[in-house]
Each structure stands twice: as C-alpha cells, then as structure tokens.
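**Student:** Predicted model and sequence below, questions to follow.
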4 protein chains.
Amino acid sequence: MTFTIGVDVGGTKVLGGVVDEFGEVHKTARRDTPKEGGAALTAAIAEVANELKVQFPVESVGVSAAGWVSSDRKTMLATPNISGWNGANLHQELTGLIGLPVILENDANCAAWGEARFGAAKGKQHVLLLTIGTGLGGGIVIDGKLHRGAFGIAAEVGHMRVVPDGLLCGCGAKGCFEQYGSGSALMRHTREAIEQNPGIAEKLLARGDGTFSGLTGTMIMEAARDGDVIAIEAFRTTGKWIGAGVASLSAILDPETVVIGGGVIDAGELLLEPIREAAKRHMPFSEILPMPEIVGATLGNQAGLVGVADLARL
Amino acid sequence: MTFTIGVDVGGTKVLGGVVDEFGEVHKTARRDTPKEGGAALTAAIAEVANELKVQFPVESVGVSAAGWVSSDRKTMLATPNISGWNGANLHQELTGLIGLPVILENDANCAAWGEARFGAAKGKQHVLLLTIGTGLGGGIVIDGKLHRGAFGIAAEVGHMRVVPDGLLCGCGAKGCFEQYGSGSALMRHTREAIEQNPGIAEKLLARGDGTFSGLTGTMIMEAARDGDVIAIEAFRTTGKWIGAGVASLSAILDPETVVIGGGVIDAGELLLEPIREAAKRHMPFSEILPMPEIVGATLGNQAGLVGVADLARL
Amino acid sequence: MTFTIGVDVGGTKVLGGVVDEFGEVHKTARRDTPKEGGAALTAAIAEVANELKVQFPVESVGVSAAGWVSSDRKTMLATPNISGWNGANLHQELTGLIGLPVILENDANCAAWGEARFGAAKGKQHVLLLTIGTGLGGGIVIDGKLHRGAFGIAAEVGHMRVVPDGLLCGCGAKGCFEQYGSGSALMRHTREAIEQNPGIAEKLLARGDGTFSGLTGTMIMEAARDGDVIAIEAFRTTGKWIGAGVASLSAILDPETVVIGGGVIDAGELLLEPIREAAKRHMPFSEILPMPEIVGATLGNQAGLVGVADLARL
Amino acid sequence: MTFTIGVDVGGTKVLGGVVDEFGEVHKTARRDTPKEGGAALTAAIAEVANELKVQFPVESVGVSAAGWVSSDRKTMLATPNISGWNGANLHQELTGLIGLPVILENDANCAAWGEARFGAAKGKQHVLLLTIGTGLGGGIVIDGKLHRGAFGIAAEVGHMRVVPDGLLCGCGAKGCFEQYGSGSALMRHTREAIEQNPGIAEKLLARGDGTFSGLTGTMIMEAARDGDVIAIEAFRTTGKWIGAGVASLSAILDPETVVIGGGVIDAGELLLEPIREAAKRHMPFSEILPMPEIVGATLGNQAGLVGVADLARL
C-alpha cells in the first residue's frame, strides 16, 4: 500500500488526508482557513501536510483549491475567491515547506476525479461532475482522463450561457448557468416563491426569524422534506434549470454518467428527480439517443481531497 | 507516400477523394446522392470508391455522413436525414462491395478532424469546429484525438439550449443553438429584419423576386458585401448568437482554436467579426482568462473527405 | 340472455346494434345520417331499430345523441349540433315508430356508461370519461350510477374554464377546456408549432398538399408515430392541457379511474403519457393524496351504442 | 325526538352541539382549540361531547374537521392543517373516551350536508356548497347523498386550476381556484387595488394603522358597505373569480342550488351579486341551459356541527 496526501482548501477550513491507492482515507488533519489568504494560507496547507507526513510514508502531496491552475499544475494562474494567490508558484513554495513533490489542481476537477475513480462513477471512462454549492462548478473526465483543456481552464460549466441577457454573474457575463442552478439560485427561487404567495410562506419563514433573511439552505431543505410547498417548488425550479443544463452538456460531451455533488445534493431525490425529468425533456433526439445516468455523488466533502491525492501519485 | 480514400456523403452529391498522409487530395470522383437513400446510396459510395481504387494503391476507405455512428465505427446507429440507413451495418456491406477495410464517421467530426490535422487548426491539440450550414454541427478534438464520447454521439453542440422555452428544434427540444446560429437562422433573422423595417428592405428584396421567399443565402451574402444594412444586420445577429455559443463551449471545453466552417463561412469576416466580438463579451472572466483564437475553416467542402480519409488510416 | 338495441347517432352515420346483458354486440345495422336532421333523422333511427328488432327478441331501445336530454330521458331539451330536434319528444315519436319502449341519453354519457360497465373501467364505481373528438365531452359515473345532475345536463367538462379571458368557445363562453384539449385544439397546436418554426415543418406538411390546410388529424398522428417533432410537440401540448384538466376534475370528483376515449385516443401513449405526467404535476397534494388511474378507452366507437343499450334495460 | 352530538373542530375553538332530527341545536359546549393538536385536541373533543351527553339522551357523535377522512369515516387520512393527527384512528380513540359511536367527516362536507338538509338548500337533491374562509372548501350533494368519491377526497373544488402557471398554492400546484376566490385572495385583490391607485386608498387604509398590514377582512367589508371604491372593487374581483368557478363547477356537476358559505359570506350581496353575474357570463350555453340558483348559506358557523350531527345518525 502506498500513500499520498490530499489537501482541500475550502472557504472555512483546510482539510488534509492521507489516502491510499484505493481511495481510502487513513488519517485527516485540519486548520481554519486564514481569511487573509496568501502566505498565511500557503503556510496552513504546509502545516496540515507536515502533520500528516510524519505519521505515514507519504510520497507526494496534492492541493485542491478554487481557481485556475497552470497546465503543469505548478502555478495558480488566477484565484478570484482567494486573496494573494494570483500567479503564485505554489508548487515551489510548498515543495520547499513540505519537502515532498507537490501538485495543484482546481477543486471541482479534483472532486470529479475523486468521484470518477472511487465514488459514484467508479470505473466509468466518460464522466461529468456538477458541484452544486453556493456556485456551480464542473469537472470532466474523458476517456478515463481528467479534461483540463488547452489552457488548464476547462469545465467551467457554470458559465455556459443559459438565458440571453439574463442575470449578471460574478464572472462579468450575463445569464450564466450558475445564476439559475446553484445554491444561491435556490435561495433566489425560494425568495421569489415567497414573494409571489406570502400567504403560504409563513410556516417556512417561521423556521428562521420570520423573514427571508433568516432562512438558510438547510432550513429550506428540511422544510422541503417535511412537505412545505414553497420549499419543494424552489428545489423543483432549481432542479429544472440544472436538468436542462445537464441535457446541453450531455449533447456536447456525451458522458455515460453525470454525477451531481456539492452541498446542495444533500437534498437527494428532492433535487435529483426534477434534474432527471428536465434532462430527459431537453435532451435532443431523446427518443432515439442514449441518455447518461444521473446520480448523486457518494464521497461527500472528501471528494476533492481524495481526488487530488490520487492525481498527486507519481 | 500512402493513400486512403475518403467519401463524403452530402445532401446533393457523394464526393470521394484519394488522400495522402499529408492531407493532399490527388484525385476525386462523384455521384449524385440518390434521394431514396438506403441500398442505392450505399451502392453510390461503393461506385465512387471503386472508381478511385483502381487508380491508386489505396489501403482503406473512410465514409463521412450525417448521423450517429457506433463506437466501433461500423454501424450507422441513427440517420434522421437519410432514409433507409438506421442501424445499417455499412462496414460489412461496403467492405463486401469495395474489397477494402471501411470505417464510418459522423460528417461534422470528420470536418473537425480534417481542419485539426491539415487545415485551419493544423498542429493544435484542442480544437472546436462549428459547421454552419443549414443547421449547426460540431466536432471536438481533445489532446489531439477526436472526441466521440461514451456512446459515440458527442459534439452535438447545435443542440445546446441557448433560449429557455425557445424555438422548437428538429431534435424535439426547444431553444437549441442551431435555431439561432445557422444558415436557417440567418434566413429567419433576415426575414425579421425585413418585417421590422420594410421601408429599407426593398433593395435587398429586389435581388430576388421582390418577396422574402425569392431570397437565397447567397443573395443575402452578396447584399451584405455591397453594404446592404438589412443583410449586414442579419449576419451580425447570426454572428452574435454564434459568438455567445462559442463562449459557452469554450468555457466548457477550453480549446486553443475554434474553427468556423460550413457553407455560411463563405461570408468570411461578415460573420467572423461579430462572432469574435460576441465570444469576447460573453466569455466568463474574459479579463483574466485566455481566449481561444477564432478562425475560418480553410479546407472548404473537402474538409470531411480529407478528415475521414485520415481516420481510415490503418 | 336478453337483448336491447342501442342506436348511436353520429355526425356521419346512425349505427344500431343488438346488445346482450354482458355488453356483447350480436348484430349491427346502419344508415347515413340525414343532414337535414329532424324527422328524417328520427325516421333513420326507427329504420335501424326496426331492421334489428325482427332478428332478435328485443325488449327496449336506447338512443345516444349529442345534446341535452330531459331528466325522464324522453325529450331532447336542446341539440346545438342537430337541426330540428330542439325540444323534440323523441320518446313518443320513436315508441310509435318502433313499437318498443325507447329512452334517450347524451352520447358522452352513453360512452362513459359503456366503458364503466363493459370497457376500460369495468367494475369501477367512480369513473370519469373524457371523449376527445373534434370537441371534448365528458361522462361521470358516481357510486356505480350515471351522474345526470339536477337538470340532466351534468358532465359538461369541456366547458370548465381553464384560461381566464381565453379563446372564445362555441358555447359562448371563453377559455373553455375544449379549446385547449381536443382534436380541434390538436390542429391549432400543430399550426402554431408550424408557424413558429416552418423550417422543420416541411416533412409534416408534405404528408398533405404542402400547406397546413392539407393536413388531417390522422396525418399528424402518423407523423408523430414516425418521430416527427412538430407532430409530437402538438400531441404533447394537447396532452398537457388534458392532464391539467384531469387533475382539476379529479380534485372535484375523486374518480378511481379516468378513461380517455374518442377518436384522438387512437394516438395511444403519444397522448396518454403527457396526460399522466401533467395530471400528476397539477394534482393538489400530489405527494399525499391517491391518484386515479388514467387509461385509454377499449370499446372504440361502439362505446355509445353499448352504453345506451344497457341504459335502456327495463 | 332523537338526539346526536355534532362537534366542529375549528382553528380557534372546538364547538359541540346537541342536535335533533330536524336540525335544531338544543345545547352547545366549547373549548379553545389546543394549538399542539394530536392527543390534546382529541381530548378536547371528548370533553365537549362528554359535557353534552350527560344532559341529553344522545345516541351517537359526529366530528367535523379539516382533513381527509377514510371511506369508513373512522380514520383521519391526512390533516395538513392539524398537527399529530395524520393517520389517527379517531373513531377508536373517541369511542373509548366518550362511550358512544363516533364518526368523522371533512368540515366542508359537513357544512354542505347541513345546508342541504336544514339550511339554504333544504330539500334539494343536487347541491354544491362553497365555503369561503381563508381558503376555499367545497362540499357536493348528489341525488340527496353526500358525494365522497372513490378515495373519500372528493369536492376539493378549491384546487381546480383556474390560471395556467398561476400563483403557487399551499397544495403544491399552481393557479388553484383558492388563490383567486377566497378570503386570502380578497386581501390580495385589496392590496393590488391599493398599489394600483394609492391616491384613492387613504380612507380605506385609515381604518387600520395606515398601512396595508393594518387592514383586516372585517375593515374591508365595512368599508365596502360604506361605499369605499377600493373595497368594493376588491369584493367585485373576488366575486368574479368565484362566479367563474361556479360556472365551471355547475357545468360539471349540474346542481340545482349553489350555496356560498364561510366567513366571507357575511358580506352578503357585496359578494353574491358579482358571483351571480360572473356565473351567468361564464356558464356554457347560458342562453339555452338552466342555471342553478346561487344563494348565501343560512346556518352560519353552525353548519358543520349540524351537518355532522345528522351524518352521525344511526
């Protein structure tokens, strides 16, 4: 058995794990994510890796983070959500701090690789992963390999345009998929359903402080499970948009399996059912062409860690 | 120098050519496309190939046609636009009729491969081709290989949904890219521009019989070149839709080169300029992420023939 | 075994049959429907009955016709689609002409009774039948009895309002169910789909004379079966409206079985599938309340004859 | 003279009464409705019944409550508005607590039965009752019997779809009658009239605290009686929707009398007049077909109690 370390850099924590060649996690370590980013964040990653490497015979380290990674997996090209990392040669810095080979990879790519190698799409050669969190990330596996593209920025599926002249997106374009099929979108769909019919929203609002601002995604999920029609409608609307996007992406990529992951997938069939229905309806030539299976992710929030640990193998 | 034959099955003609390993076409032969399809069409392909094979030492034959091709490139899975070929094992039939190994491939895939190997994207490893004819086809090259997907149906980029609940498409879904960025769409955009402002449309209409029905795509192209504002607007509208689609596809696939081919590309910069502008405008993080180059195809209507001849090499 | 005669008065023919107590038809007779209606039509009914009664020991006669029938089943209160019958005491006239007891009943009611006693809903106590022909008729069975209402005019389900300020209906009201979910509506939905995208309508139009006017319902049905997307879309749209109406009617009536009959149901699953989907989506409390089964009629165009023969039993 | 007890479970009080075979109430008892529902509510019902049964020779007890009741009237199948009663075998529990036979029935059904037997539709065989409170309930009498349907859930007339893709309803569907013709809808229509013309709304708003939130239904009713145009318009709009729904329901059910009950009917002709006008306008073939009479309920908030007491008779 051989070991590598995967470190997943999230918005609140830096989570590291020692992973074997079968995707099993043997030990984890964590630090809070330093809000200032930059060198402090780099140091936190090194601390996590160093804590773990003294306990297992580790051969290399992979780091999963939001942002675009150079083709040689050594440099963060741009990190819109992390301060002080634009252009950082993390490979060099971290190799120095840890004393082991280090590679970088985009977090959604890592999650896709984890699910394709060890999770919901284990053994499949053509896989599309959608990570539905606050935003909507994607990872693509083609012919058994992670698809990184010409510049290392492939799989930005959340920025496919789905509405002409639609909602402005954080990427600077309008009408992006992410604005309609994500955790943020779920909140918007909920707010719109409440505004349309405040009379039936009281029970949902009472789960928070009585106003929309008091609601969390978890409250909406629980309400939907208890049969609340506003909450169910919000999930259905979100799922319809995701399903239509899955149909478009399947027409382009032709995956055998589409994995839906990210925090919002805790909702399970509440989201998967409308996704499947909409994907079927919007798939071209749906009567004669095969459809990919659409399944929920199985590795939860360890998908990125497990995926990047595997990518780090020499 | 070694030779293979490529045969491109179009709506009006079956065009075959002897092609060398550098993509040069040494000899061509053609037949009219039999409208009844089926066995008559299969026979026409064999005739073309047999006429050519007696003149060159040919090792194998590739056939490029509209439709979905099985993973082993032996069977036409479904051919919505060709009668009598659904499920046909053309490999077996044609091998018998020609006496050489035969492979099949989707026509847009063949054109993409031709342009990527010998044409506008020569030497590039990540290429997206859009074929803008009556409809909108696509071909994708990833890591230097044609991307066929899990079921052999990848690159149906014309059926990416670009307008929610939009125009009904021939594929049975609604709002497909093809309905907004294709030769048919150019005609629709022209008609709409005429209806919106009939006063300035007289000169354009006079190129035909004075009514919209009398106009052809070629007339509109010539009018645009002569500065007709209705015609220019129609190309610009078509180009905007195509450019927005190119941005979405680039965000997903991350190609280094996007090749625009098909009959409509005869319009050249009339179409390419609005495509490039719109692609830039709709690309996510367009300030910080690299953009693919967007170029016109260079192999013209021989792209499919040349591409499939190369795919047929043993 | 005992026999009665059922006579179904349709737009083109008067069809009579000798029916036993198990709903089996032993002998039929027919006349063309006299266009002038009135006494000529009454005479044609008598001829059919008299031709049959000499061959079997018949005890009574039932007449099924479009229109409203008095509570005692003796008088045609109003017959918008038949000339010269408004207020006619057909019971008296026909008893005189035939020499047997005669009762009258509305045609959709008769079809409902036929299907509930001997057809698709055999043995069920609560049944709703929709007859989808040119228009949309209905019949209701409650607690094993035909529901005729206070004035004998119940089950006019085709005139439930489904769109506020919608299309004007032949009944003088607007937005009636019949205008959206019927054979006429199928034609309208087809025409609208053609107008929206004439480019993909050519194959469908070619089944007639190339224009919409040349199309028949049968052509559209055959095209849909052959996969024509315009035709499939028209059936889907029609089915969605019918399904939404079925949900409303089920919320009101709570049937165990909904039978879809009439000429359009020859389309089978092309229509039943979208009906079932839409009924499920629009049913109130669909997660917790039971749904009726939705099935196609099985007696075809003999449902009315068989139903009224049974109602005529003494 | 024989006696039964009827107990009506409302949102604020549990009201019981001893009722004779002529529908006269001889004695009442009440408890506040326990907000926690479940066993506490069951106990409150038993207390009310036990208090009454010691004063009169009572033979049985009926309980009227919001929710769906099993066909044998023994079990609450589902009670969306009452906690802890889903699936409760109240028959068994209450028979044990009271020592008399007990039956259950849906509250709108009970009110319909009360009005049909002893109230506004006394002696009628075909009756439709609409209960206009916060929501919109219904009860149907056919051939002199309460219509419960195949699964015991009939007469959910408030969930007939009246607007395609309309307002989301508490039942999970969209565009339900209840969203347009109910007490809640009256409030919405009022708010919309205020927003549309705030200049003339000041006097109405001054009846509360100057904002819309400070208005109650009673204030709007009083304002309408005093001639306030905003308030009158709100009643007229509500009445129009109800009348259109009455026309649809009459076309389906063919009642001889439609009774409008529930708290909102305190408004009397303010609501009944626009209901009658709209029903006439939207009735199919209104020139030739008979119309049901449309009347206000006469039993007030005792309709349910009186109705269920009668249904409990052995």
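**Tutor:** The structure has been received and is ready for your questions.

**Student:** Could you use CA atoms for every contact and neighbour count after this?
**Tutor:** Will do.

**Student:** partner strands of the helix or strand bottoming out on mean pLDDT in chain A, parallel or antiparallel?
**Tutor:** Among the helical and strand segments of chain A, the one scoring lowest on mean pLDDT, DSSP states H and E is strand A:76-78, with a mean of 88. For strand A:76-78, the paired strands and their directions (DSSP bridges) read strand A:68-69 (antiparallel).

**Student:** Residues contacting the strand it pairs with, please?
**Tutor:** Under the criterion CA atoms under 8 Å, 6 or more residues apart in numbering or on different chains, residues A:75, A:76, A:77, A:78, A:79, A:104, A:105, A:106, A:152, A:153 lie in contact with strand A:68-69.

**Student:** got it, and stretch A:111-129?
**Tutor:** Under the criterion CA under 8 Å, 6+ apart, residues A:22-23, A:108, A:138-146, A:254-261, A:295-299, A:303-308, A:310, B:149-150 lie in contact with stretch A:111-129.

**Student:** Put the buried members of those residues into a PyMOL selection.
**Tutor:** Only the buried members of the contacts of stretch A:111-129 end up in this PyMOL selection, burial being decided by 16 or more other CA atoms under 10 Å in any protein chain shown:
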select buried, (chain A and resi 23+108+138+139+140+141+142+146+254+255+256+257+258+259+260+261+295+296+297+298+299+303+304+305+306+307+308+310) or (chain B and resi 149+150)
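
**Student:** Can you check which helix is longest in chain A?
**Tutor:** Longest helix in chain A by number of residues (criterion: DSSP state H): helix A:229-253.

**Student:** Tell me the residues of chain A that contact chain D?
**Tutor:** A:193, A:196, A:197, A:199, A:200, A:229, A:230, A:232, A:233 (CA under 8 Å from any CA of the partner chain).

**Student:** Return the residues in contact with residue A:63.
**Tutor:** By CA under 8 Å, 6+ apart, the neighbours of residue A:63 are A:6, A:7, A:8, A:9, A:102, A:103, A:104, A:105, A:305, A:308, A:309.

**Student:** Remind me which helix or strand it belongs to.
**Tutor:** Assessed by DSSP states H and E, residue A:63 sits inside strand A:58-65.

**Student:** Residue of the stretch 1-150 of chain A nearest chain B, please.
**Tutor:** The minimum distance from the stretch 1-150 of chain A to chain B, using CA to the nearest CA, falls at residue A:149 (4.7 Å).

**Student:** what does chain A have sitting close to chain C?
**Tutor:** Within chain A, the positions adjacent to chain C are residue A:287 by CA under 8 Å from any CA.

**Student:** Can you give the contact residues for stretch A:203-212?
**Tutor:** Around stretch A:203-212, the neighbours that count as contacts under CA under 8 Å, 6+ apart are A:191, A:202, A:214, A:215, A:216, A:219, A:220, A:223, A:228, A:230, A:231.

**Student:** how many neighbours does the last one have?
**Tutor:** Residue A:231 sits with 30 neighbouring residues when counted by other CA atoms under 10 Å in any protein chain shown.

**Student:** and what of the first one?
**Tutor:** Taking other CA under 10 Å as the neighbour definition, residue A:191 ends up with a count of 19.

**Student:** rewinding a little: please name every helix or strand in contact with the longest helix of chain A.
**Tutor:** Judged by 3 or more CA pairs under 8 Å, 6 or more residues apart in numbering or on different chains; DSSP states H and E, helix A:229-253 is in contact with helix A:183-196, helix A:217-225, helix A:269-282.

**Student:** what would those look like in JSON lines with distance to residue C:32?
**Tutor:** Converted to JSON lines, those look like this (distance: least, CA to CA, whole Å):
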{"stretch": "helix A:183-196", "distance to residue C:32": "56"}
{"stretch": "helix A:217-225", "distance to residue C:32": "60"}
{"stretch": "helix A:269-282", "distance to residue C:32": "45"}
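
**Student:** Nearest to chain B among those would be which one?
**Tutor:** Comparing the helices and strands packed on helix A:229-253 against chain B with CA to the nearest CA, the closest turns out to be helix A:269-282 (5.3 Å).

**Student:** Using PDB, write out the CA atom coordinates for the closest one.
**Tutor:** Written as PDB, here are the backbone C-alpha positions of helix A:269-282 (Å, rounded to 0.1, in the frame of the first residue of the first chain):
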ATOM      1  CA  GLU A 269     -34.200  13.000  -4.700                       C
ATOM      2  CA  LEU A 270     -35.700  16.400  -4.000                       C
ATOM      3  CA  LEU A 271     -33.200  17.700  -6.500                       C
ATOM      4  CA  LEU A 272     -32.300  14.600  -8.500                       C
ATOM      5  CA  GLU A 273     -35.800  13.800  -9.600                       C
ATOM      6  CA  PRO A 274     -36.500  17.200 -11.300                       C
ATOM      7  CA  ILE A 275     -33.000  17.100 -12.700                       C
ATOM      8  CA  ARG A 276     -33.600  13.800 -14.300                       C
ATOM      9  CA  GLU A 277     -37.100  14.800 -15.600                       C
ATOM     10  CA  ALA A 278     -35.800  18.100 -17.100                       C
ATOM     11  CA  ALA A 279     -32.700  16.400 -18.600                       C
ATOM     12  CA  LYS A 280     -34.900  13.900 -20.400                       C
ATOM     13  CA  ARG A 281     -37.200  16.600 -21.700                       C
ATOM     14  CA  HIS A 282     -34.500  18.800 -23.000                       C
END
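
**Student:** Tell me how far the nearest residue to residue A:311 once chain neighbours are set aside lies from residue A:310.
**Tutor:** Nearest-residue entry for residue A:311: residue A:62, 6.9 Å, with adjacent residues in sequence omitted and distances by CA to CA, 6 or more residues apart in numbering or on different chains. In this view, residue A:62 and residue A:310 are 8 Å apart by CA to CA, to the nearest Å.

**Student:** overlap in contacts of these two?
**Tutor:** A:4, A:6.

**Student:** Residue A:167: how many residues sit nearby?
**Tutor:** Residue crowding around residue A:167 was assessed by other CA under 10 Å; the count is 15.

**Student:** In contact with it, which residues?
**Tutor:** For residue A:167, the contacting residues are A:174, A:175, A:176, A:179, by CA under 8 Å, 6+ apart.

**Student:** Quick check: the last one touching residue A:169?
**Tutor:** It refers to residue A:179. Yes - at 6.6 Å, residue A:179 counts as touching residue A:169 under the criterion of CA atoms under 8 Å.

**Student:** The two: who's more crowded?
**Tutor:** Residue environment comparison for residue A:179 versus residue A:169 gives the larger neighbour count to residue A:179, 28 against 17, counting by other CA under 10 Å.

**Student:** And the residue lying closest to residue A:200 once chain neighbours are set aside, how close does it get to residue B:43?
**Tutor:** Across the structure, with CA to CA, 6+ apart as the measure, the residue nearest residue A:200 apart from its sequence neighbours is residue D:170 (5.7 Å). To residue B:43, residue D:170 is 64 Å away according to CA to CA.

**Student:** neighbour count winner among the two?
**Tutor:** Between residue D:170 and residue B:43, residue D:170 has the larger neighbour count (other CA under 10 Å), namely 22 against 17.

**Student:** got the contact list for that one?
**Tutor:** Counting by CA under 8 Å, 6+ apart, residue D:170 touches A:200, A:229, A:230.
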